[in-house]
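Visitor: what follows is a protein structure lacking sequence information:
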């Protein structure tokens, strides 16, 4: 048994405290990005290459998300199921699958783009390389499904928590609003995207606190 496993076995409350870490990491990812999510290839690829220090931070945030997000989804899902069994169960399932998909897609795409651009210094050539990456089925599917799965799952969990009253309603409302703000941020600004993830962290944190108290 690892030290972490022993700690969790001795004090399951630790899982509750970990619940908001994944969304907080994604907020950090959004704030660290050296480009806007809506930027065209001719813009975001050179920006990413020029902002490698910020990009490294964004990669670390994605790694932190990958190792904590599923814990947060499960803990929040447990509380959502207690509040409303059917809606909470559906929300947990969709969120778990969505978080798994985004963790699989990870930082590889940006890293490949920057490495290719530094090698060939030609955005058109980089786009061809990225198109080849997109042709692999697994990452293509992960990239296609993670947003709708996460959005649907988180909203359903927020509705369940709102109906059940297991967390303050303002925290459930923050969770329900999180993904509309995250999606709007994809078109408007990474700052707005990061604010959406902070809203999600509020909802996950409230559910985690409830779980820890139990």
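Guide: That came through fine. All figures in this text were calculated on a predicted structure; none of them were measured in a lab. Numbering: from 1, shown residues only.
Visitor: could you report the pLDDT at the spatially most central residue of the chain?
Guide: When C-alpha atoms, centre = their mean is applied to the chain, the residue found nearest the centroid is residue 26 (5.2 Å). Predicted confidence (pLDDT) for residue 26: 95.
Visitor: what packs against the helix or strand encompassing residue 66?
Guide: Per DSSP states H and E, residue 66 falls inside helix 52-83. Using 3 or more C-beta pairs under 8 Å, 6 or more residues apart in numbering; DSSP states H and E, the elements in contact with helix 52-83 are helix 13-18, helix 21-32, helix 85-105, helix 108-120, helix 137-164, helix 190-213. From N, CA and C alone the C-beta is placed, and that goes for glycine too.
Visitor: mind telling me which of the ones you listed the model trusts least?
Guide: Confidence, taken as mean pLDDT, is least for helix 108-120 of these (a mean of 81).
Visitor: what's in contact with that helix?
Guide: Identification of contacts with helix 108-120 by C-beta atoms under 8 Å, 6 or more residues apart in numbering yields 45-46, 48-49, 52, 55, 58-59, 123, 125-126, 129-130, 133, 139, 143.
Visitor: list the buried residues in it.
Guide: Residues 110, 113, 114, 116, 117 are the ones in helix 108-120 that count as buried (16 or more other C-beta atoms under 10 Å).
Visitor: tell me how far it lies from the chain's centre.
Guide: The chain centre lies 22 Å from the centre of helix 108-120; the measure is C-alpha atoms, centre = their mean, to the nearest Å.
Visitor: run the angle between the helix or strand following it and helix 108-120 for me.
Guide: Toward the C-terminus, helix 108-120 is succeeded by helix 123-134 as the next helix or strand (DSSP H and E). Angle, helix 123-134 to helix 108-120, by axes from the mean of the first three to the mean of the last three C-alpha atoms, to 10 degrees: 140 degrees.
Visitor: avg pLDDT for helix 123-134?
Guide: 83.
Visitor: tell me which strands and helices it is in contact with?
Guide: Partner elements for helix 123-134 (3+ C-beta pairs under 8 Å, 6+ apart): helix 41-50, helix 108-120, helix 137-164.
Visitor: report all helices and strands that the last one contacts.
Guide: Using 3+ C-beta pairs under 8 Å, 6+ apart as the contact definition, the elements that helix 137-164 packs against are helix 52-83, helix 85-105, helix 108-120, helix 123-134, helix 169-188, helix 190-213.
Visitor: which of those sits most buried?
Guide: helix 190-213 (a mean of 23; mean count of other C-beta atoms under 10 Å).
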